[in-house]
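A.B. asks: what's the 3D shape of this:
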Amino acid sequence: MTKQTLSAIENLAAANTRVVESYNAAAKTFAAAYCKGVQGALARIAARQNAFRAHQPSVLSDAARDQWLQTGAKWSDMVLQRLEAGTNTAVTVFDRVAVAATSGIDAATQRAVMIDSPAVRQFVNGVVSLQLPVAELSARLADKVAAGAQRVEERAEAFVAKAEQAEAEVTDVVAKPVRSAKRPAARRGARKAA
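C.D. replies: This is a model prediction of the structure:
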């Protein structure tokens, strides 16, 4: 094959590989952002429970209330552990798919380079001339998706930080004892009138 044809094949393969890698990175980033968002939501739930505990009198005894809060914390920990396990499994699948796709692109590129005939060369040049602009557009789009995923992850991190800060502020608050309402003193004149 000519150098121009080889270069065109390599450019097409590189663009397709970049698309696969960008979407793989975006998928991993979205998975991490989802995990962080759930973590932030659970932190907000814990903060609300602590705020409710701090400001409202409870029908439950202190021991029962503490056990209820501990049960909620255990539930949150269990949800986070399962979420992290699921996220890790998803990331492993994303990596396997990306490896399979890039190895397929590499194999197709190697086979196309090995075949050398005028008909194949003309066919490859036609395919590359049609597919290279599409592959480059797809690569740019994939890069934008990956950049958007980064912004989503940054927002999720900010959400988690805000939720953890709210939880820390609530746990630092000391609950004031609830005072019973005092009855207004009865008027002396009101008794005489009755």
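
A.B. asks: Give the phi and psi angles for residue 115, as a check.
C.D. replies: phi -80, psi 130 (degrees, to the nearest 10).

A.B. asks: what about it, how many neighbours?
C.D. replies: Other residues near residue 115 come to 12 when the count uses other Cβ atoms under 10 Å. C-beta here means a position set from N, CA and C on the backbone, and glycine is covered the same way.

A.B. asks: same check, this time on the one 3 residues further on
C.D. replies: A total of 7 residues lie near residue 118 under the criterion other Cβ under 10 Å.

A.B. asks: Roughly how far does it sit from residue 2?
C.D. replies: As judged by Cβ to Cβ, to the nearest Å, residue 118 and residue 2 stand 11 Å apart.

A.B. asks: Over to residue 125?
C.D. replies: From residue 125 across to residue 2, the span is 9 Å (Cβ to Cβ).

A.B. asks: Poorly predicted segments of this protein, please.
C.D. replies: The model of the chain has pLDDT under 70 over residues 1, 52-58, 60, 167-194.

A.B. asks: Centre-most residue in it?
C.D. replies: Centroid-nearest residue in the chain: residue 33, 1.7 Å away (criterion: Cα atoms, centre = their mean).
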